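1. any chance you can model this:
(2 chains)
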2 protein chains.
Amino acid sequence: MRNKNTKISNAVIRRLPRYRRYLIELDKKKVDKISSKEFSELIGYTASQIRQDLNNFGGFGQQGYGYSVKGLLNEINRILGLDKEYKMVIAGAGNLGQAITKYALSLPHGFKLTKIFEIDPGLIGKQMEDIEILDYETIVDYVEENDIDIGVICVNPENAQDVADRLCFAGVKGIWNFSTVDIEVPASVALENVQLSDNLHSLAYHMNDLGHTQAAAREAKAKEEVMASRKAD
Amino acid sequence: MRNKNTKISNAVIRRLPRYRRYLIELDKKKVDKISSKEFSELIGYTASQIRQDLNNFGGFGQQGYGYSVKGLLNEINRILGLDKEYKMVIAGAGNLGQAITKYALSLPHGFKLTKIFEIDPGLIGKQMEDIEILDYETIVDYVEENDIDIGVICVNPENAQDVADRLCFAGVKGIWNFSTVDIEVPASVALENVQLSDNLHSLAYHMNDLGHTQAAAREAKAKEEVMASRKAD
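-> As a prediction, the model looks like this:
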């Protein structure tokens, strides 16, 4: 059981979903118990890091028995708040909004997309994947009246802060921001930014960087061979 | 200008796309020059961090003049490899693949989605957003023959490693993994994992955590008021 006086670090929180994914796979394979050593070999963190991370929540492991896969999974679900249901709306029905709508509908459960909001009169009143598209001007009333928990921002950079302001005013508890700008929210609202393009750009960098590294390695090798053949001469 | 002997840390690379986004907005607003102090106020990093980060690449700033917005933007584009073109394929035409296809088509330029690969015979031969869906069995030949740079993995966890293996065998330079499992690739291939659900789960945690914090604060305040009213009695 989590000690409520302890502030859990963000780094630990960020690792929990990863533990969870491995536990789900273990559970699918009918694995009942796992030691921190076995878990370490699987997930790549050190056994001591695993013990430390999981001790943050009171420690579910029994000395000599390892962790109960199902028990740990349930506990992590509870800690992450995945034992609850969340209602969400998407702002923006453009390409990004359509992509995230598709994605939201593929989420297992617990996260329910109820409506999409849009300023384009050509889209208002239509449906996207069976989800109704409403006039953006009505977003505050809708969010208030329907106790929406999460607002997902899929609009242009210019409009992202306005959407965030309205969503926060209307009382969402969390904002999932897919727009390409950083937004500001009150301290009482949780915020997660997803910069898919940052990730892609980082990939581009590493592709080229590895290219450089390989080119340098090939060069060094060629030079060595030249030197070796000179010596042989 | 980049000193090729310097290994740039991953942390710096991860910050570059963010600098880039701010520079694009500044450029749109016709700002020519920016000092590290002004940049700091905008982006939230310290001025010294900004100078340090940008010095990694030889330092574009002139003492007393600040950074040229356009110059810095071009240089960051070059460093990230965004001055080149990349061809990519998506593996998986399910909900996730459809979402990422939508997203890929909204990318400004430089990243060109050419084909989607799928095992479901009901989808092979069809089109998704004008992109042809081909038989997954042909992915290796296609990637080899068309010099595909990036493979995007949007398949089920069970199949993700198989897709990664085939893509690497066929010679992609980078893998963008959207599946919910971690995959392994040779050191010569760049890899970026996007765990959208990890991000959403982190949001769920913080929504509840902020809830707790607020509840605790309200409790403390109520207690204080009770104490104060007792004293007043």
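
2. alpha carbons only for contacts and neighbour counts from here, please
-> Fine.

3. domain-wise, how is chain A divided?
-> For chain A, automatic domain parsing gives the domain ranges A:10-80, A:86-194, A:198-233.

4. quick check: which element contains A:His206?
-> Counting by DSSP states H and E, the element that carries A:His206 is helix A:196-232.

5. which residues does whichever residue of chain A sits closest to chain B contact?
-> Going by Cα to the nearest Cα, chain B is nearest to A:Ala99 of chain A, at 3.9 Å. Contacts for A:Ala99 (Cα atoms under 8 Å, 6 or more residues apart in numbering or on different chains) come out as B:98-103.

6. do the same with A:Ile153
-> A:90-92, A:160, A:163-164, A:175-179.

7. and the two most separated of those residues?
-> Using Cα to Cα, the contacts of A:Ile153 span at most 13.8 Å, a distance reached by A:Gly92 and A:Ile175.

8. so where's chain A uncertain?
-> Scanning chain A for pLDDT under 70 picks out A:1-7, A:58-64, A:211-233.

9. for it, just list every one of the helices.
-> A:10-28, A:36-43, A:47-55, A:69-80, A:95-105, A:139-145, A:157-170, A:196-232 (DSSP state H).

10. can you mark which positions in stretch A:29-48 are buried?
-> Neighbour-count burial for stretch A:29-48, counted by 16 or more other Cα atoms under 10 Å in any protein chain shown, picks out A:33-36, A:39-40, A:47.

11. tabulate the contacts of A:Ile153 (TSV), appending neighbour count and distance to chain B.
-> Formatted as TSV, the contacts of A:Ile153 follow (neighbours: other Cα atoms under 10 Å in any protein chain shown; distance: Cα to the nearest Cα, whole Å):
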residue	neighbour count	distance to chain B
A:Ile90	26	14
A:Ala91	26	16
A:Gly92	27	13
A:Ala160	22	13
A:Val163	22	18
A:Ala164	25	15
A:Ile175	27	8
A:Trp176	21	8
A:Asn177	24	11
A:Phe178	23	11
A:Ser179	24	11
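
12. can you add distance to B:Gly171 and give those back as TSV?
-> Output for those, formatted as TSV (distance: Cα to Cα, whole Å):
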residue	distance to B:Gly171
A:Ile90	38
A:Ala91	39
A:Gly92	37
A:Ala160	39
A:Val163	43
A:Ala164	42
A:Ile175	39
A:Trp176	35
A:Asn177	34
A:Phe178	31
A:Ser179	32
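
13. what is the nearest of these to A:Tyr22?
-> Using Cα to Cα, those come closest to A:Tyr22 at A:Trp176, 24.3 Å.

14. correct me, but that closest one touches A:Glu192?
-> Yes. Shown here, A:Trp176 and A:Glu192 form a contact pair, counting by Cα atoms under 8 Å, at 5.0 Å.

15. joint contacts of these two?
-> B:200, B:203.

16. indicate each strand paired with whichever strand in chain A runs longest and its parallel or antiparallel sense.
-> Secondary structure of chain A per DSSP state E: the longest strand is strand A:111-118. According to DSSP bridges, strand A:111-118 forms sheet pairs with strand A:86-91 (parallel), strand A:131-135 (parallel).

17. give me the residues contacting it.
-> Here strand A:111-118 makes contact (Cα under 8 Å, 6+ apart) with A:85-93, A:101, A:104-105, A:124, A:131-136, A:139.

18. which PyMOL command selects the buried ones in these?
-> Buried residues among those (16+ other Cα under 10 Å), as a PyMOL selection:
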select buried, chain A and resi 86+87+88+89+90+91+92+93+101+104+105+124+133+134+135+136+139
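
19. quick revisit: just name the most buried of the domains of chain A.
-> Ranked by mean neighbour count, these are led by domain A:86-194 with a mean of 19 (mean count of other Cα atoms under 10 Å in any protein chain shown).

20. picking that back up, for the buried residues of stretch A:29-48, give me a markdown table that also has distance to B:Asn55.
-> Below are the buried residues of stretch A:29-48 laid out as a markdown table (distance: Cα to Cα, whole Å):
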| residue | distance to B:Asn55 |
| --- | --- |
| A:Lys33 | 50 |
| A:Ile34 | 47 |
| A:Ser35 | 46 |
| A:Ser36 | 42 |
| A:Phe39 | 41 |
| A:Ser40 | 38 |
| A:Ala47 | 38 |
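
21. how long is stretch A:171-191 end to end?
-> Its first and final residues considered, stretch A:171-191 spans 13 Å by Cα to Cα, to the nearest Å.

22. quick one: that stretch to chain centroid distance?
-> 14 Å (Cα atoms, centre = their mean, to the nearest Å).

23. give me the contacts around it.
-> Stretch A:171-191 is contacted from outside by A:96, A:143-144, A:147-157, A:160-161, A:164-165, A:168, A:192-196, B:21-22, B:200, B:203-204, B:206-207, B:210-211, B:214, using Cα under 8 Å, 6+ apart.

24. and the domains of chain A as a markdown table, adding distance to B:Leu80?
-> Shown next, in a markdown table, are the domains of chain A (distance: least, Cα to Cα, whole Å):
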| stretch | distance to B:Leu80 |
| --- | --- |
| domain A:10-80 | 26 |
| domain A:86-194 | 17 |
| domain A:198-233 | 4 |
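
25. OK, contacts around the nearest residue to A:Val140 once chain neighbours are set aside?
-> Using Cα to Cα, 6 or more residues apart in numbering or on different chains and skipping residues adjacent in sequence, the residue nearest A:Val140 is A:Ala170, 5.0 Å away. Going by Cα under 8 Å, 6+ apart, A:Ala170 touches A:140-141, A:143-144.
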